[in-house]
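A.B. asks: The amino acid sequence is not available; the structure is as follows:
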């Protein structure tokens, strides 16, 4: 079977989703292919969730350009899609007088990149702003435009918006070859072939492998693993700002930041590895994080961790993002090497690639562009009056499934029955927060399994955590085990 | 200590609200009713009363309280039946989402349920009986893959005993708490192979009888002084790496790693009293027990809020939960009675809230004593005796539990063996402290080895 499209986007992380949504504004037939069982299953689900202001990137680099441009529109994107975003400001701590010139260098770099709202805080201003910060922090760079967001939520909502505007999403589609004849590409998985005029490589840590299938202009992506700790939201607020450290001889430093859900994350480490799937956490790195972070936050409460996780950054050997038209294959576009500040840059990258594609294909703006589908209304975030209304309209809003995060049955059913609805336990988690709280799904897992099985009309034994092979349970009591 | 002053309109008024219809909540509500408090409402988030006992289908319950051996559901059913015959108002599928105190010292309990929507109750007294939750993997930072096939033993127990679902074929259990031990046997019954139970401490943290009946009887090895240092598997667990630990530092000893092929890792690594609501209300929480600080009446730092069962401290036997909860129920009924008397007669005889200093004597945990409950003794205590509960910090053989009053040992109990898995109870007759009760500041409980 062969399906024909104008554009095929490879990868449904934040970049692929943003590109798809932007393309859906035009008269184009677009498909997004993703090898995982849901969108946002790679780098986009496990990162620091920071919207960087843009003082870090080398002036003139693609990273600097797209970071600053992305940061400017990020809040609008989040607002339009009802995705949490908080402009909490970022701090970079200096732990000695020697750090002051380093901070000033960052300010200079930031100004060269066009970043506004940068200033140096002395110790007393710093402590006034963040009283819990370590006492040996003597100066800090304040970046007022630094913000936090929910990267997986944004990815999910972008794909939903793209889908209502005609974009097709093919999950569990692992590209194993791409060929080109005349002006047509054939993108193949083991089961299916897609024909298209344009291919956009947004494949994250796999962008080099996809590139090798099409182009002679090779590059290499190294997965750079970052491990994190997460602290229960009961402890918030400890810090309002995102707290970075100046790089020292000990390493690049780690950050401590509140999340938009009011948990606290500490991390990441930076470790180049070979395996593009290896998101294991390690005892040594988790300990190292605490050692380094204790300078920013001396009294990290070790009895308040709720989880540890790891993500992979797509570090490119060219040291910068690779954005736009390929150097050697017409109709092939790249968004590769998307490591930090890739999340922040995503809106700007998507806009740029879309402009280039639209220009090449000469297509017009659609006259029927629809707004995003309504977001799942959260019981937890509603006031009591609104809660009464919600339960009156749908009694399932009154049945709390996840007690730690106060997620109702109504939200879980909505998460399943919507564009790109949840089919796995992790997909439910990212759409509702069920299982993300302090008990880490101990109480709600059996209930979520039941609802998923009911809505999808499948056996609970076939429900997975995140796609085939990750079945949650092995079978039924007294029945046959199935492997 | 009243943090939360709110002006919210209540929908329903009750004398006593009990949060949770597990063994603690049921016993507390029934005893409050027996003590004359008629207007009691029990709020339960599950669809049925009984709490965690519903999934504890093994036997061994009730030996102390009923002097016979029952299963968990049978033990719960005795109280559910009694609740039915005494017309106790239990509202199931009702989740408490907020607890606060208003200006006149009444308690506001915000609940939601599918049938009744959002209802705010106003009550003179509240009994906290929310139980506890299991410590998840992330709380310990167990490194490795975060794939499917890792869950807590309580979750596994619910899946097997209430949903009829089996978590896996080849199972390793980390931690040897009672639920872990029980589930080792349970899953063996269901045809799964429980390969090992791995425990970081030099002893099991469960009851001795469970170690014998659930592991030894089925030849399941208990690997003491060992822990899981890595989890392998991309989609689902394929193996765990277990290593010996240094008994002093608890750090894994390099070179002792062994790989155990398995598809499931169950965690039985501790229970945490579930006190988010208590904290919301401003109740003072004890770091040692992770439950509210209480006096001998189970009265917390907030007047009219009582706590009992696993929300107060994690118990090993439900029988003690019942006894403790009955005391809480009686005290709440007495508190309500005095509230009314105060209203009508304008007397000032309200039950003393827990307070440090003048009104109460501190129970101080000395060497070897962990998680002491209650933390305080009211000077105006009119009971004949007080039950004191604690856990020893390690295994003791032929040791003495002593209660020290100023310089004088007033109780000296010799114990053949004490283990952290089993709660130690001490019965303190009030007449033994009576003479000094006005000037005494603390009563010390400690363990002395021979």
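C.D. replies: Great, that's in hand. This is a predicted model, so every value here is computed, not measured.
A.B. asks: show me where pLDDT drops low in the stretch 351-450 of chain B?
C.D. replies: The stretch 351-450 of chain B contains residues with pLDDT under 70 at B:351-358.
A.B. asks: for the stretch 1-150 of chain B, that is, sorry about that
C.D. replies: In the stretch 1-150 of chain B, residues with pLDDT under 70: B:1-8.
A.B. asks: before we move on, what about chain A?
C.D. replies: Along chain A, segments meeting pLDDT under 70 span A:1-2, A:236, A:248-252, A:479-483.
A.B. asks: switch to 90 and redo it
C.D. replies: Applying pLDDT under 90 to chain A flags the ranges A:1-3, A:182, A:233-237, A:247-253, A:303, A:477-483.
A.B. asks: Check the stretch 201-350 of chain B too.
C.D. replies: B:205-207, B:339-350.
A.B. asks: switch to 80 and redo it
C.D. replies: B:342-350 (pLDDT under 80).
A.B. asks: Just give me the neighbour total for whatever residue of it ends up closest to chain A.
C.D. replies: Residue nearest to chain A within the stretch 201-350 of chain B (CB to the nearest CB): residue B:235, separated by 3.3 Å. For glycine as for every other residue, the C-beta is placed from the backbone atoms N, C-alpha and C. Residue B:235 has 17 neighbouring residues, counting by other CB atoms under 10 Å in any protein chain shown.
A.B. asks: Also residue A:282?
C.D. replies: By the criterion of other CB under 10 Å, residue A:282 has 18 neighbours.
A.B. asks: next one: phi and psi at the nearest residue in space to it that is not next to it in sequence?
C.D. replies: Leaving aside its sequence neighbours, residue A:282 sits nearest to residue B:143 (CB to CB, 6 or more residues apart in numbering or on different chains; 5.0 Å). Main-chain torsions, residue B:143, degrees, to the nearest 10: phi -80, psi 170.
A.B. asks: follow-up on the earlier one: on the three-state scheme, the residue nearest to the residue of the stretch 201-350 of chain B closest to chain A when sequence neighbours are not counted is what?
C.D. replies: Nearest non-adjacent residue to residue B:235, counting by CB to CB, 6+ apart: residue A:469, 3.3 Å away. Following DSSP: H, G, I helix; E, B strand; the rest coil, residue A:469 is assigned to coil.
A.B. asks: what's near enough to touch residue A:469?
C.D. replies: By CB atoms under 8 Å, 6 or more residues apart in numbering or on different chains, the residues touching residue A:469 are B:234, B:235, B:236.
A.B. asks: How about residue B:62?
C.D. replies: Going by CB under 8 Å, 6+ apart, residue B:62 touches B:68, B:69, B:70, B:74, B:75, B:78, B:318, B:319.
A.B. asks: how about 10 Å then?
C.D. replies: Residue B:62 makes contact with B:68, B:69, B:70, B:71, B:72, B:74, B:75, B:78, B:317, B:318, B:319, B:322 under the criterion CB atoms under 10 Å, 6 or more residues apart in numbering or on different chains.
A.B. asks: same check, this time on residue B:262
C.D. replies: The contact partners of residue B:262, by CB under 10 Å, 6+ apart, come to B:149, B:168-173, B:193-196, B:231-233, B:237-240.
A.B. asks: Report how many residues lie close to residue A:383.
C.D. replies: Residues near residue A:383, counting by other CB under 10 Å, number 8.
A.B. asks: which residues touch residue B:392?
C.D. replies: Contacts of residue B:392 by CB under 10 Å, 6+ apart are B:368-371, B:399, B:401, B:415, B:417-424, B:447.
A.B. asks: Just the ones of the residues you listed in strands?
C.D. replies: Per DSSP state E, strands hold the following members of the contacts of residue B:392: B:369, B:370, B:371, B:399, B:401, B:415, B:417, B:418, B:424, B:447.
A.B. asks: Mind giving me the ChimeraX select for those, buried ones only?
C.D. replies: ChimeraX command restricting these to the buried ones, with burial defined by 16 or more other CB atoms under 10 Å in any protein chain shown:
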select /B:369,371,399,401,418,424,447
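A.B. asks: Which two among the ones in strands among the contacts of residue B:392 are spaced furthest apart?
C.D. replies: B:371 and B:417 (18.4 Å; CB to CB).
A.B. asks: Is it possible to mark the buried ones in the contacts of residue B:62?
C.D. replies: In those, burial by neighbour count holds for B:70, B:71, B:72, B:74, B:75, B:78, B:317, B:318, B:319, B:322, counting by 16+ other CB under 10 Å.
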